[in-house]
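Chemist: model this:
(2 chains)
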2 protein chains.
Amino acid sequence: MVSLKEAIQAVAAFRSDWGIETIPLDQSLRRVLAEDIFADRDYPPFNRSAMDGYAIRWEDIITNRIVSFTIIGEIFAGDNKTFKLRSGEAVKIMTGAAVPDDANAVIKKEDAVQSGNVVSFTVEQCLPYQHIARKGGDVLKNGLSITKNRQINAGALSALASLGRSNIRVFRLPRVAILSTGNEITSVDVPITKHQIRDSNSFFIAGFLQHYSITPVIKKIIQDDVESLISNIEAVKDCDILILSGGVSAGDADFVPDALERCGVQALFHKVKIKPGKPIWFGHHTNGLTVFALPGNPFSVQVASNIFIEPYLRSCFHLPPVTPFRLPINVTRKKKVSIDEFFPAKYAHEGALEISPIVFNGSGDITAIVHSHGIVHHPSAANDLMQDDLVDFYPWEKFTDQ
Amino acid sequence: MVSLKEAIQAVAAFRSDWGIETIPLDQSLRRVLAEDIFADRDYPPFNRSAMDGYAIRWEDIITNRIVSFTIIGEIFAGDNKTFKLRSGEAVKIMTGAAVPDDANAVIKKEDAVQSGNVVSFTVEQCLPYQHIARKGGDVLKNGLSITKNRQINAGALSALASLGRSNIRVFRLPRVAILSTGNEITSVDVPITKHQIRDSNSFFIAGFLQHYSITPVIKKIIQDDVESLISNIEAVKDCDILILSGGVSAGDADFVPDALERCGVQALFHKVKIKPGKPIWFGHHTNGLTVFALPGNPFSVQVASNIFIEPYLRSCFHLPPVTPFRLPINVTRKKKVSIDEFFPAKYAHEGALEISPIVFNGSGDITAIVHSHGIVHHPSAANDLMQDDLVDFYPWEKFTDQ
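Modeler: Just a heads-up that it's a prediction; the model follows:
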């Protein structure tokens, strides 16, 4: 039996190396970038007009007090034109177009009156480089633009595309097997008898893994006897991760730890001082297989996935640990057990964001998760949580790291 | 020109009907449930033991003061056994097994001493139904268990599997076309010249749509002239949604509104009093096509997707509007414009959760999004935002609704 802190340290310290691969950008959503991204050129790549208007020399307005300019041409976004702009001359310019080298300000068209090829301006003020997004103003060529070890979200896709990265290096995904154990467990798509319950844990775990774009290679329901366990564990030993649920306590029907050890999987810990999820077993095989054997109750699996599997995955992907949201709880909550506890809660939006516990029926409660937004940590060292105390909240839905 | 509020109301009021379809549960992540889910039986379906131990009659401990019980059998999870339990008798029971009808308490094995077929208990206290998750305690048969119009996350997958729903009714996904306009726009995978920029908006929009499991059917870069626009718009008119970027202001190269109207797409609004995103154009065609024509700058597209396209999608999916996080801002921010403004910010974790603006170079800034967690609304009616003022924060990464 280890503490919560020891267990989290153990899973995060055990960093598997699944390698790196190059994939097309448009297939990289939720993958983890494995290379620093440097700018291929300045951004903006040229002095870019931020307005439709007229490119002029700032001195002509402020120093020379010129009121009427000769338009010597026009330039649209994408045009590759050069203009030699002299004093008293203007170039008509569109948003997104490259400002001519000799120009250093844009007067927007709303402040201009054009007649034929002559334009005059209705404003007297002009700032150097006004309405110009300056070359290199966002990112300089060769500058570090996106640091590695971050998960790719829609915004990162956008930035990577801007930077010309049609292919990127990402961490390979692990091959994951999910085995749901228990003689009472049936598949969702077959008739059920009174004493059976349906396998829901494999659905949760598969959905949870999708936060990292991981699709399990094997999902199976297996009988809870040593021989069945051993043969099924042997069959998935070439995977990177095996996640079992059920059969992990020390009961007469809990053969999972024994079967794992007989398959050569070495325990790193068994049992953690938390509720729910106490019987969790974590180990590895010298061939590279990492094993999480979780309790069978749905809410235990949901908590353990977030509190143990996620830190392990993030460590392997070189992502920083999850930072929980530190938010006030809107009611008092009695301390229920002396060990670290996690309970389901939802967001409350009275004024500032708060956290509100939901009605909860224990770790077998099949619908607690659909009525909650995440889990709150009630630390072993804390007494009762008082209204407005700050608590650590772990949302079910994850953010990418930025 | 309409106000932000008017624009949001307009997109949300325009609710397209894409129909409903039945799909397998394991393909439903991020889809929106279109049916209420009722329980097929009680949950738990039987009085379920929450511990390994001994099922007994509570009165035997509390009233009859029996200290030694005869074990008449044992029962494992999944067993379909019936026991006639009399006073002074116990059934050895495993976690997850069905408690015999005559028993109304479980003594956990840690509090028991078994010798042969006799067990005695080291505790004198016993509560009725202790360590028993009672039949129907979570959900009663035919009870509403999961309400429709919610997005399916990993937890909902779990609950739906428990409830035996291997197939579910969800809202159909729209067919979406993304057209990036502009003569300066090139594809990420071809060489680029100095005056060109790469199409990043289609990558952002495609990633953004994945929050709702929507994959665009068409992504294309098109020239910014009326004939090209018209032929490309005509080619995607059988889609449900068309999202354009670029060419939507009133400049000499902004042909998109004109081309849309010439294709029979009727404007519902053009221009909104916000920064960035002001030139946005929204309209529909009588054949069912809804059109968002966004400005071309990346940050404008990112804001407009969240502030306009998302409320529209959520309305069509019968999801409630996004509730922004109301959180304190950790610095003072000057009011910059008189209209509604959105600026990028990140989470700060000094004590309670806060929001911190990031350095930001305007709507053309290609990397602001990778350094931020979302956007803050600086309302038109507000003055400067003062440190610790509560602001509305819209995270880039979305939650499902619970």
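Chemist: alpha carbons only for contacts and neighbour counts from here, please
Modeler: Noted.
Chemist: show me what residue of the stretch 151-300 of chain A gets nearest to chain B.
Modeler: Closest to chain B within the stretch 151-300 of chain A is A:E184: 3.5 Å, counting by CA to the nearest CA.
Chemist: flag every residue of the stretch 301-402 of chain A that's near chain B.
Modeler: For the stretch 301-402 of chain A, the residues in contact with chain B (CA under 8 Å from any CA of the partner chain) are A:302, A:325-328, A:349, A:351-353, A:361, A:364-367, A:369-373, A:390, A:397-400, A:402.
Chemist: and the residues you listed, which are buried?
Modeler: A:302, A:325-328, A:352-353, A:364-367, A:369-373, A:390, A:397, A:399-400, A:402 (16 or more other CA atoms under 10 Å in any protein chain shown).
Chemist: so which of those residues belong to helices?
Modeler: Within these, residues falling in helices by DSSP state H are A:Q302.
Chemist: mind giving me the domain ranges of chain A?
Modeler: Following automatic domain parsing, chain A resolves into domains at A:4-18+A:173-316, A:21-36+A:152-171, A:48-133, A:325-395.
Chemist: helix, strand, or coil at A:A259?
Modeler: helix (DSSP: H, G, I helix; E, B strand; the rest coil).
Chemist: before we move on, back to that, now, the residues of the stretch 301-402 of chain A next to chain B that are in strands?
Modeler: For these, the ones inside strands are A:325-328, A:390, with DSSP state E as the criterion.
Chemist: can you put these in CSV and add pLDDT and distance to B:A293?
Modeler: Formatted as CSV, these follow (pLDDT from 0 to 100; distance: CA to CA, whole Å):
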residue, pLDDT, distance to B:A293
A:F325, 94, 36
A:R326, 96, 39
A:L327, 96, 38
A:P328, 97, 41
A:L390, 98, 43
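Chemist: export the domains of chain A to CSV and tack on distance to B:K84?
Modeler: Shown next, in CSV, are these (distance: least, CA to CA, whole Å):
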stretch, distance to B:K84
domain A:4-18+A:173-316, 17
domain A:21-36+A:152-171, 56
domain A:48-133, 84
domain A:325-395, 26
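Chemist: tally of neighbours for the nearest residue to A:K219 once chain neighbours are set aside?
Modeler: Closest residue to A:K219 apart from its sequence neighbours, by CA to CA, 6 or more residues apart in numbering or on different chains: A:I178 at 4.8 Å. The local packing of A:I178 (other CA atoms under 10 Å in any protein chain shown) involves 24 other residues.
Chemist: wait, A:I178 touches A:I222, no?
Modeler: No. A:I178 lies out of contact with A:I222 (CA atoms under 8 Å); the separation is 10.3 Å.
Chemist: can you list the low-confidence ranges for the stretch 1-150 of chain A?
Modeler: Regions of the stretch 1-150 of chain A meeting the criterion pLDDT under 70 are absent.
Chemist: what residues does it have near chain B?
Modeler: So the stretch 1-150 of chain A meets chain B at A:26, A:29, A:43, A:45-46, A:52, A:76-80, A:94-95, A:97-98, A:133, A:137-138, A:145-146 (CA under 8 Å from any CA).
Chemist: for the helix or strand containing the residue nearest to A:K219, the distance to its chain's centre please.
Modeler: Element membership of A:I178, judged by DSSP states H and E, is strand A:176-181. Averaged C-alpha coordinates place strand A:176-181 at 24 Å from its chain's average position (CA atoms, centre = their mean, to the nearest Å).
Chemist: just the helices in the stretch 151-300 of chain A please.
Modeler: In the stretch 151-300 of chain A, the helices defined using DSSP state H, counting those that start in this stretch lie at A:154-162, A:201-209, A:226-235, A:256-262, A:298-304.
Chemist: thinking again about what came up before, ok, which of the domains of chain A comes nearest B:L242?
Modeler: Of all these, domain A:21-36+A:152-171 sits nearest to B:L242, with 18.4 Å by CA to CA.
Chemist: start to end distance for the closest one?
Modeler: Separation of the first and last residues of domain A:21-36+A:152-171 by CA to CA, to the nearest Å is 6 Å.
Chemist: what does stretch A:148-161 give?
Modeler: Counting by CA to CA, you get 16 Å between the two ends of stretch A:148-161.
Chemist: cool, and stretch A:82-91?
Modeler: Stretch A:82-91: ends 11 Å apart by CA to CA.
Chemist: neighbouring strands - and their directions - for whichever strand or helix holds A:I107?
Modeler: Assessed by DSSP H and E, A:I107 sits inside strand A:105-108. With DSSP bridges as the test, strand A:105-108 is paired with strand A:53-56 (antiparallel).
Chemist: just the CA atoms of the helix or strand that comes right after the partner strand, as CSV, please.
Modeler: Next helix or strand after strand A:53-56 toward the C-terminus (DSSP H and E): helix A:58-62. Listed in CSV are the C-alpha atoms of helix A:58-62, where the atom choice follows Å, rounded to 0.1, in the frame of the first residue of the first chain:
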residue,chain,number,x,y,z
TRP,A,58,5.0,59.4,-43.0
GLU,A,59,7.3,62.4,-43.4
ASP,A,60,5.2,63.7,-46.2
ILE,A,61,2.3,64.1,-43.8
ILE,A,62,4.1,65.2,-40.6
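Chemist: re earlier: my guess is the residue of the stretch 151-300 of chain A closest to chain B contacts B:M94, does it?
Modeler: No. Counting by CA under 8 Å, B:M94 is not a contact partner of A:E184; they are 11.7 Å apart.
Chemist: ok, the two, which is more surrounded?
Modeler: Each of A:E184 and B:M94 has its neighbours counted (other CA under 10 Å); B:M94 has more, 27 against 22.
Chemist: and the closest residue to the more buried one other than its chain neighbours, how many neighbours?
Modeler: Leaving aside its sequence neighbours, B:M94 sits nearest to B:D52 (CA to CA, 6+ apart; 4.3 Å). The tally of other residues near B:D52 (other CA under 10 Å) stands at 24.
Chemist: same question for A:D252.
Modeler: 12.
Chemist: all the strands of the stretch 1-150 of chain A, residue numbers only.
Modeler: A:20-24, A:37-38, A:48-49, A:53-56, A:68-75, A:89-93, A:105-108, A:112-115, A:118-121, A:132-133, A:144-146 (DSSP state E, counting those that start in this stretch).
Chemist: ok, now which ones touch the residue nearest to B:M94?
Modeler: A:251, B:93-95, B:108-109 (CA atoms under 8 Å, 6 or more residues apart in numbering or on different chains).
Chemist: just among those, which is most surrounded?
Modeler: Neighbour counts for the contacts of B:D52, by other CA under 10 Å, peak at B:I93, which reaches 29 neighbours.
Chemist: what about A:F308, distance to B:I230?
Modeler: 54 Å.
Chemist: the two: who's more crowded?
Modeler: Neighbour totals were compared for A:F308 and B:I230, and A:F308 leads with 22 against 18 (other CA under 10 Å).
Chemist: pretty sure that one is in a strand, no?
Modeler: No. Going by three-state DSSP, the assignment for A:F308 is helix, not a strand.
Chemist: I figured it hits A:Q9, correct?
Modeler: No. Using CA under 8 Å, A:F308 makes no contact with A:Q9, being 9.4 Å away.
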